[in-house]
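Visitor: quick one, structure for this:
(chains A and B)
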Amino acid sequence: MLFTEAEVKELTSKILSMTKADDASANVGSNRQAHLRFAGNNVLTSGMRETRNANVTVWFGGKRGSASTNDLDDASLKAMVAEAEKIAQNARPDREYMPTLGKQTYKPVNAYIQATANLSLTDRAKQIGAIIAECEKSKVIGAGFHSAGAQAGGSATKNGNFEYERSTGVGLSVTARTPDGQSSGYFLRSHNDIARLDTMRIAKESIRKAIEGRGARAIDPGIYTVILEPQAVADLIGGFGFGFNARTAEEGRSVFSTSGGGTKLGEKVFDDKVTIFSDPWNPDLPGSQSAQGGIPAERITMINKGVLENLTYNRFWAAQKDRKPTPGPVNTIFQTSGPTNTLEEMIKSTQRGILVSRFWYIRTTDPRTASSTGLTRDGVWWIENGKIAYPLKNFRFNQSTVQMLGPGNVLMVGKPERVGSSEGGGGSLLPALKVKEFNFTSQSEAV
Amino acid sequence: MEFSRRDFLKTSAIAVGAAALPVWALDAQAAAAVWYDVNKDGLADAALATAKKLGASYADIRINRYRNENVSTRERQVLNVSSAQNFGFGVRVLINGTWGFAASPIMTTEEVVRITTEAAEIAKANSLITRKKIELVPTPKVVAKWKSSIERDPFDVPAEEKVAMLLKMNEAALGVKGISFVNSNLGAVNEQKYLATSDGSRIDQYIIRTNPSFSATATDRASGDFQAVNSLREAQQIGFEYMTKHDWVAEARTAAEHAVMKLKAPTVNPGKYDLVLHPSHLFLTIHESVGHPTELDRALLWEANYAGTSFLTPEKTGKLQFGSKMVNFVADRTQPQGMATVGYDDEGVPGQSWHLVKDGLFVDWQTTRDTAKLIGKSISYGCLHADSWGSVPFPRMPNVSLTPSKDNVSQDDLIGGIENGILIYGRGSYSIDQQRYNFQFGGQTFWEIKGGKVGGMLRDVAYQSRTTDFWGSLDGLGGQVTYEIPGSPNDGKGEPGQSNAVSHGCPPARFRNINILNTAAGSAPGQLD
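Guide: This next block holds a predicted model:
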């Protein structure tokens, strides 16, 4: 069902040959996703979905029209193109029109693993069966989600560009709850390669957290030193690499805007331990070979030792500002250029502090300062004199991400791990962090 | 719920490319022609016969077409006119007490047989590790058609008419001194759903939802400050008449004036206040603190790995005091303009109306055929829903609405009873824990109440409370004339994540002694809570 490169080439060429427009681009995509959901130590729902689609965008004198279909026979494709042309002829001029790209050269990424695409129903059932058995043996109630998928597609332009990409992804998250409902643990990992997903480790980590989280105590909210596991960091800033929009900043409505109408480009915005970049070819987190609507992706640093090094310019905004469009980001990697510390070292160095497994229901409260609220979930511990002393009940926080990562507030940084997405590919490479001050504002009795 | 970033980018790229199907000529496209040629009953016969042959005790097939149209503008330009559609079918089988599901966009008998076989293989593979078999409560066989009650189908309205309407709103907002940016959007959704079940039901439904929205942003470049105010009216199950029966231009102008005012408004002093919450705000508080905890699948731990469980449990039914005696919440799949209103759910159960909270007491749940069985119910309330032909149907929220006062109480009457309080309009930031105890909500505009009268605007306001304490503090409800039915098109839940459309009718309501915090960065934590 997944398109091969030859099929994508044939389909996109066919679509482009059908239009008389001044400019045009054609896209086709195919996807197969399979999942298994379990809860209450029992299988819940499980399914497989295949999709495919084609679409075309055409321009006549800068007037744009597009159309799409998920029926790919010649008659349907012809009708799709005719519709797009009809829309364009009736449209107002596209004021942000940029000519489609000419031939580009892409450096391929290795994001497709055949074994992931060939998911075996029997093997998956065995793995999930083993996890349910481990939960039963540990006297916890297990729930989780296994998702595996593959996608392939590409695009072509009237100006001569063509690209084809395919990728796979597999993810598993497991929640373990004690039968009295007083403790819960969670663990999530994902990868492109099913062989790299250690399903039993994911289960055992969530079970361990649930068991060790029994007997949680309530302490007063307030400002505390916190150690954030990579999952908690992912929850707070997993998509951070994608929040560097130049246009928004220059329009004065971004955390990276300055008074007087400028941006913070080149300024120190975070602690010097903070370096955030995108790298399409990172073997642990392969990104896409193309960025910003087709330009070849490159490794790009957004934050370098705390300094805002890049904002992202799309092709239109870059042309307005006489700059090159930004070749990314296509993924988020937080890797300090300084020394790293293990989670154990972070705990050992802490006199009084809080270890956080993950966060939940995070919503922005003030975009001017990237402030948000949310709650801890599935494992919080009190640290005293360099040791984990006891589990804590959950908190609500109100915290500015910019202040959290601000100069002087980042005390230690771990080695980045792939965390973030239970639905297959994607995710981020993020470290554990020890931060000096983090603002918990109320208690939550939720488990 | 979230897509992975990589998936998101890919999906976005496709979505952008898919933009702008012709609103005025949609039915002429080839894809639609294929759809109209589909022999749905014939495909259903093939699926159900195959499922039966492969050992299914129950099976259903949904053959659906979805149209999504969107017109978006900013300031004086059109950003996009888009209309996407897709269709396909999904087959669900129950074999050895285990669900299996598979879906495809290819509408042939051969493909239906292949996909049904794949669904059966999934069920059989997983049945080997099943601990407790799924059982369904019965539901009557239904052969019916149902259509949203609308006056003008938004898919019949030319895009130019929509564009002109949005640009007029933008112009009104831009006419307010201090406004720098305006975005406006008009979305429409059409679901054409066919369901056939092995119980003999065959149901066709045609659903329309309309979702206008806008946002006006005032910036102060000198100080680097910016403030936005969004539209207060929300999506409804209604036709294009929504755009002509309400003065959207006046609302856009007012929102712009309020955005400018917000730049200069004093920041709130944290502390305890009495609140009057307008329906444009209160509906989301109802959604999060009442709608979600009364979902039975959450109480059964089915959502433990993602959306969370509930502080309500089956043994609390009929015993737990949820709110004050004035509080009545009715779950309703029949409510006019309700986003979750349907003739039948995705397993053929008729739309119904029932109390979740009666006179302050928690009395009942949102159920499906499989969850109802687990608490000893004999029928389902019809809460099964999938957001696509390719998604597994699972328990989703009906409209959950707060019953207004029987008396003719106005919003001013509620305000009149307050010495020191805040009046809140619109949906802002919202966050609640995974068992639905602790929540924090912001809004769009906040107004001081002093001595029973509305005063000046405030900013940086959020309130934080605990669900049963909050509803227990309610001591005033507006009457029927103050009742509105705002809705949301994007309620996320489940794995893989699915979106649900839902409304929460309510009058304005008054709450006593609620904790207000200041969300501006730099506030000391002691002040925050």
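Visitor: please save the CA atoms from stretch A:135-142 in PDB.
Guide: What follows is stretch A:135-142, C-alpha atoms only, in PDB (Å, rounded to 0.1, in the frame of the first residue of the first chain):
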ATOM      1  CA  CYS A 135       1.600  -6.100  35.700                       C
ATOM      2  CA  GLU A 136      -0.400  -8.900  37.200                       C
ATOM      3  CA  LYS A 137       2.700 -10.400  38.800                       C
ATOM      4  CA  SER A 138       3.500  -7.000  40.300                       C
ATOM      5  CA  LYS A 139      -0.100  -6.500  41.500                       C
ATOM      6  CA  VAL A 140      -0.600  -3.300  39.500                       C
ATOM      7  CA  ILE A 141      -3.200  -2.400  37.000                       C
ATOM      8  CA  GLY A 142      -1.600  -1.800  33.600                       C
END
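Visitor: pretty sure residue B:44 is touching residue B:196, no?
Guide: Yes - Residue B:44 is within contact range of residue B:196, at 3.5 Å (criterion: CB atoms under 8 Å). (C-beta placed from N, C-alpha, C; glycine too.)
Visitor: what's the overlap in contacts for those two?
Guide: B:61, B:63, B:202 (CB atoms under 8 Å, 6 or more residues apart in numbering or on different chains).
Visitor: redo those residues as TSV? Include distance to residue B:443, pLDDT and secondary structure.
Guide: Listed next are the shared contacts of residue B:44 and residue B:196 as TSV, based on distance: CB to CB, whole Å; pLDDT from 0 to 100; DSSP: H, G, I helix; E, B strand; the rest coil:
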residue	distance to residue B:443	pLDDT	secondary structure
B:61	44	98	strand
B:63	42	97	strand
B:202	45	98	strand
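Visitor: residue numbers of the stretch 351-500 of chain B in contact with chain A?
Guide: Within the stretch 351-500 of chain B, the residues that sit near chain A (CB under 8 Å from any CB of the partner chain) are B:390-392, B:394, B:429-438, B:440, B:442, B:460, B:462, B:464, B:495-497.
Visitor: list buried residues within the residues you listed.
Guide: B:390-392, B:394, B:429-438, B:440, B:442, B:460, B:462, B:464, B:495-497 (16 or more other CB atoms under 10 Å in any protein chain shown).
Visitor: so which of the residues you listed are in strands?
Guide: Under the assignment DSSP state E, those contribute B:394, B:430, B:431, B:432, B:438, B:440, B:462, B:464 to strands.
Visitor: report pLDDT for the residue in the stretch 151-300 of chain B positioned nearest to chain A.
Guide: In the stretch 151-300 of chain B, no residue comes nearer to chain A than residue B:224, which is 3.5 Å away by CB to the nearest CB. In this model, residue B:224 is scored at 79, pLDDT.
Visitor: so who does it touch?
Guide: If a contact means CB under 8 Å, 6+ apart, then residue B:224 has A:252, A:257, A:258, A:259, A:260, A:368 as its contacts.
Visitor: which one of these is nearest to chain B?
Guide: Using CB to the nearest CB, residue A:259 comes nearest to chain B of those, at 3.5 Å.
Visitor: just give me the neighbour total for that closest one.
Guide: Using other CB atoms under 10 Å in any protein chain shown, residue A:259 has 12 neighbouring residues.
Visitor: ditto for residue A:335
Guide: A count of nearby residues for residue A:335, using other CB under 10 Å, gives 17.
Visitor: hmm, it is touching residue A:431, no?
Guide: Yes - using CB under 8 Å, residue A:335 is in contact with residue A:431, at 7.3 Å.
Visitor: which neighbours do those two share?
Guide: By CB under 8 Å, 6+ apart, residue A:335 and residue A:431 have these common neighbours: residue A:416.
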